[in-house]
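Asks: show me how the following folds:
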Amino acid sequence: MFYYIIGDIHGCFSKLQNIYAKIQNIIEDEDIIIFLGDYIDRGSDSYNVIEFLISISDKHNIVFLKGNHESMLPDALDNNLFLTEWIQNGVIQRVEFRDQFIKTTRSDLH
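Replies: Okay, the predicted model is just below:
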């Protein structure tokens, strides 16, 4: 069994695709991919990063850990004091992702 460890994607979808392309054909059924969090913010394509990770989650044994950027997001949505901290830590670059995330998250809560 092998472990593939991938961290700090930060919204860089094309880089994530490149990494995945290098391992997708050599991953065995018992292997595990561990994503270390920080999927969003700083890069320009956080939405597609999340969509891609969801799409591969049923193809492999995957562990998704929550990074500090994902931890800050709900707090920033609920409390303007945390919004400042989130902005200082590389707030999501694309308004489309933020708006889609908020819409999806709020609909999931109801």
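
Asks: so which strand or helix has Phe52?
Replies: Using DSSP states H and E, Phe52 maps to helix 46-56.

Asks: who are the packing partners of that helix?
Replies: Helix 46-56 sits against helix 13-23, strand 61-64, helix 95-109, with contacts defined as 3 or more Cβ pairs under 8 Å, 6 or more residues apart in numbering; DSSP states H and E. (C-beta placed from N, C-alpha, C; glycine too.)

Asks: lowest-confidence stretch among these?
Replies: Comparing mean pLDDT across the helices and strands packed on helix 46-56, the weakest is helix 95-109, with a mean of 54.

Asks: picking that back up, please save the CA atoms from the helix holding Phe52 in PDB.
Replies: Extracted C-alpha coordinates of helix 46-56, given in PDB (Å, rounded to 0.1, in the frame of the first residue of the first chain):
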ATOM      1  CA  SER A  46     -11.000  27.400  -6.000                       C
ATOM      2  CA  TYR A  47     -14.400  26.400  -7.300                       C
ATOM      3  CA  ASN A  48     -13.000  24.000  -9.800                       C
ATOM      4  CA  VAL A  49     -10.600  22.600  -7.300                       C
ATOM      5  CA  ILE A  50     -13.500  21.700  -5.000                       C
ATOM      6  CA  GLU A  51     -15.600  20.300  -7.800                       C
ATOM      7  CA  PHE A  52     -12.600  18.200  -9.000                       C
ATOM      8  CA  LEU A  53     -11.900  16.800  -5.600                       C
ATOM      9  CA  ILE A  54     -15.500  15.800  -5.200                       C
ATOM     10  CA  SER A  55     -15.500  14.100  -8.600                       C
ATOM     11  CA  ILE A  56     -12.500  11.900  -7.700                       C
END
